[in-house]
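Novice: structure here, sequence nowhere to be found:
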């Protein structure tokens, strides 16, 4: 019945929610917010050269990317290229449409490997090493074009007839280092490598490291705060499995007696308090504080009142913690399959 | 009554819990775990030079720090020195006892500014700029000694009579780059600067950046997971404020009727299910899944059973979410002071 075997190749990449491409982030907005790409004007139109260049410079000044951001991108992209090239491979898809940006200006290369599969260059297949070296040099040219396009905020800046104007724009607007880096990358007559770019990047490595480290510190701080949430959440789940638990097969009033009764009153103390004039009292800080004290089992006493207000229990958080652990262990033991119970 | 005005100066630094000094981390263990500092032997003792050196090398090989870790420290310390020196200041306390390590081999300088206050060098006070330059050069010498001590795992390696042996040990054990860096820092006849160190660090900047970035990615992932906990925790607090709420002043059976009854049955569904043979069913994944569905209000239906098993309600999570919001708003409105209620 089956005549053809259909073979397919699937490329699987990590999914980064909320990411956008370098193209949409920095280039697509040119026309959207009223600006027009200065390089988009017809270069063959009969108008004085200086007028065209002035309009580019004006646009560029109003609209330019901070140089620090461009270096940030350069460091990340050269870092990626370095790893790819050291591994004896080439990227072949270093393009604004294939580079994605996630939170914190973090770049990631997309579509890696696709070109290797879909473009099968048989003419030079006899010399695979030479081929890879050729592609690696192309990667560096692509990087140069990308940086130039970013510095001019225009993908048309890298078209052959615009390049000299574009480089002039960069010379006027950015540091010599950036210009030199672009010139080096766009001079294909010499054999180039990522390592040669490092002196041009210079002390910006330190700046980059500092900013990433600072971000790490912020994130660490966030994690430590949020880890508290995980702890409190698990505590509430424990309480939830005990409080108001219906007919436990071994004891009809399990959740209403002994330790469980204390925990029930504590639950009321945490969640169901009312103000003096009878209004519900909602206070997240109170909830968090009570649960933290319960979790650490501090010796501090708390005054629990029965619902009929007839009896008052004074217990320490340490005792409550003990109750919680006891009761939870009881539920846990009861939940074990009977053949495990000795 | 008061005869003297007591003036005091207080130095305030950030507190980093769980940190230790570079000294305790890498040097103090030498004697503790049975190893003896090879440089601690009396250098004037009459034994053949090669025997002494061999024992050092043997110790060093068994016990040495990974070179990548040393470069990690170098990059962090030069980064800090660079910022201090660019600001026209000097560190003056670059010492294993004053550098603290926190999670992820992150270094932090401690006791900054103390030396500036307690050592008042009046002899050169007429030339403050020259003084700072002198201290900056001293910082670089301290860095050289620190790196040498780390590479030999011995604080005694940097004593004048040991230095040549120590450098020889480094030459045998580590890369030329590391040796050159130490030699450069320990040659005080020339004027040194942090910038000159960069070529020796070279592509290790990329390695360092990659490792910090990877750490950032891990942390981001953790934060996103833990943020979920915060969300679920807040949801449980909402449920807790509604479920089993006792006499609400406006309605004696508030928590047992209407929306609240549905939420009560849902609470039982989340926390109080039993297996077919009557054992409590505890499953954190079930709790998290139910709460996530509630939070998003998915159209999926859930089958809720009354405690007497006489009635069964089939409701969607969307309806339950609506119930929760309604009920919580009701409690929230009731909690507002009466003069705010219109």
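Specialist: Received, thanks. Please read all numbers here as calculations on a predicted model, not as lab measurements.

Novice: for chain A, what spans make up the helices?
Specialist: A:22-26, A:29-32, A:49-63, A:67-86, A:114-118, A:128-152, A:163-173, A:176-185, A:198-201, A:204-242, A:258-271, A:284-296, A:317-335 (DSSP state H).

Novice: and the pLDDT for residue A:107?
Specialist: With respect to pLDDT, residue A:107 has a value of 94.

Novice: same question but for residue A:222, I mixed them up
Specialist: 85.

Novice: the helices of chain A into JSON lines, with extra columns for distance to chain B?
Specialist: No exception for glycine: its C-beta is placed from N, CA and C like everyone else's. As requested, the helices of chain A are exported to JSON lines (distance: least, C-beta to the nearest C-beta, whole Å):
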{"stretch": "helix A:22-26", "distance to chain B": "18"}
{"stretch": "helix A:29-32", "distance to chain B": "26"}
{"stretch": "helix A:49-63", "distance to chain B": "28"}
{"stretch": "helix A:67-86", "distance to chain B": "5"}
{"stretch": "helix A:114-118", "distance to chain B": "23"}
{"stretch": "helix A:128-152", "distance to chain B": "15"}
{"stretch": "helix A:163-173", "distance to chain B": "24"}
{"stretch": "helix A:176-185", "distance to chain B": "14"}
{"stretch": "helix A:198-201", "distance to chain B": "7"}
{"stretch": "helix A:204-242", "distance to chain B": "3"}
{"stretch": "helix A:258-271", "distance to chain B": "4"}
{"stretch": "helix A:284-296", "distance to chain B": "5"}
{"stretch": "helix A:317-335", "distance to chain B": "4"}
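
Novice: least confident of these, on average?
Specialist: When those are compared on mean pLDDT, helix A:29-32 scores lowest, with a mean of 48.

Novice: between the helices of chain A, which gets nearest to residue B:13?
Specialist: helix A:204-242 (15.1 Å; C-beta to C-beta).

Novice: chain center to the closest one, what's the gap?
Specialist: Relative to the chain's own centre, helix A:204-242 is displaced by 14 Å; criterion: C-alpha atoms, centre = their mean, to the nearest Å.

Novice: and that helix, what's buried?
Specialist: Buried positions in helix A:204-242, judged by neighbour count with 16 or more other C-beta atoms under 10 Å in any protein chain shown: A:204-210, A:212-213, A:215-216, A:219-220, A:222-223, A:226, A:228-230, A:232-242.

Novice: and if you look at stretch A:194-203?
Specialist: Buried, per 16+ other C-beta under 10 Å, within stretch A:194-203: A:194, A:197-198, A:200-201.

Novice: can you list contacts of it?
Specialist: A:71, A:74-75, A:78, A:81-82, A:85, A:140, A:177, A:180-181, A:184-185, A:205, B:82, B:195, B:198-199, B:202-203, B:205 (C-beta atoms under 8 Å, 6 or more residues apart in numbering or on different chains).

Novice: same check, this time on stretch A:212-228
Specialist: Contacts of stretch A:212-228 (C-beta under 8 Å, 6+ apart): A:104, A:292, B:103-104, B:106, B:209, B:212-213, B:215-216, B:219-220, B:222-223, B:226-227, B:229-230.

Novice: name all residues that make contact with the residue positioned nearest the centre of chain A.
Specialist: Nearest to the mean C-alpha position of chain A, counting by C-alpha atoms, centre = their mean, stands residue A:103 at 4.4 Å. Neighbouring residues of residue A:103 by C-beta under 8 Å, 6+ apart: A:18, B:220.

Novice: relative to residue B:4, how far out is it?
Specialist: The gap separating residue A:103 from residue B:4 is 57 Å, by C-beta to C-beta, to the nearest Å.

Novice: show the end-to-end separation of stretch A:12-24, please.
Specialist: 23 Å (C-alpha to C-alpha, to the nearest Å).

Novice: return the set of buried residues in that stretch.
Specialist: For stretch A:12-24, by 16+ other C-beta under 10 Å, it's A:19, A:21-23.

Novice: residue A:298: neighbour count?
Specialist: 15 (other C-beta atoms under 10 Å in any protein chain shown).

Novice: what residues are up against the nearest residue to it once chain neighbours are set aside?
Specialist: Nearest residue to residue A:298, sequence neighbours excluded (C-beta to C-beta, 6 or more residues apart in numbering or on different chains): residue A:317, at 4.8 Å. Residue A:317 sits next to A:293-294, A:296-300, A:302 when contact means C-beta under 8 Å, 6+ apart.

Novice: so which of those residues comes closest to residue B:132?
Specialist: Residue B:132 lies nearest to residue A:296 out of the contacts of residue A:317, by C-beta to C-beta, at 48.6 Å.

Novice: quick one, what contacts that closest one?
Specialist: Applying C-beta under 8 Å, 6+ apart, we find residue A:296 in contact with A:317, A:321.

Novice: same check on residue A:180?
Specialist: Neighbours of residue A:180 in contact, by C-beta under 8 Å, 6+ apart: residue A:200.

Novice: how close does residue A:334 get to residue B:63?
Specialist: With distances taken as C-beta to C-beta, residue A:334 is found 53 Å from residue B:63.

Novice: settle it for me: which of these two has more neighbours?
Specialist: residue A:334 (19 against 15).

Novice: tally of neighbours for the nearest residue to the more buried one once chain neighbours are set aside?
Specialist: In space, and not counting its chain neighbours, residue A:334 is closest to residue B:280: 5.4 Å by C-beta to C-beta, 6+ apart. When neighbours are defined as other C-beta under 10 Å, residue B:280 has 22 of them.

Novice: what's the answer for residue A:106, then?
Specialist: 18.

Novice: quick one: contacts for the closest residue in space to residue A:267 that isn't next to it in sequence?
Specialist: Spatial nearest neighbour of residue A:267, chain neighbours left out: residue A:243 (5.0 Å); criterion: C-beta to C-beta, 6+ apart. The contact partners of residue A:243, by C-beta under 8 Å, 6+ apart, come to A:255, A:260, A:263-264, A:267, B:244.

Novice: can you tell me which two in those are farthest apart?
Specialist: So, the contacts of residue A:243 by C-beta to C-beta: farthest apart are A:260 and B:244, at 13.1 Å.

Novice: who's more crowded, those two?
Specialist: Neighbour totals were compared for residue A:260 and residue B:244, and residue A:260 leads with 24 against 19 (other C-beta under 10 Å).

Novice: any idea how far the residue lying closest to the more buried one once chain neighbours are set aside is from residue A:238?
Specialist: Distances taken as C-beta to C-beta, 6+ apart place residue A:327 nearest to residue A:260, at 5.5 Å, with adjacent residues excluded. When C-beta to C-beta is the yardstick, residue A:327 and residue A:238 sit 9 Å from each other.

Novice: please apply the same query to residue A:148.
Specialist: Taken as C-beta to C-beta, the span from residue A:148 to residue A:238 is 60 Å.

Novice: okay, buried residues for stretch A:320-334 please.
Specialist: A:320-321, A:323-324, A:327-328, A:330-331, A:334.

Novice: wait, I meant stretch A:296-315
Specialist: Result for stretch A:296-315 [16+ other C-beta under 10 Å]: buried residues A:297, A:302, A:304, A:315.

Novice: out of those, who's nearest chain B?
Specialist: residue A:304 (12.9 Å; C-beta to the nearest C-beta).
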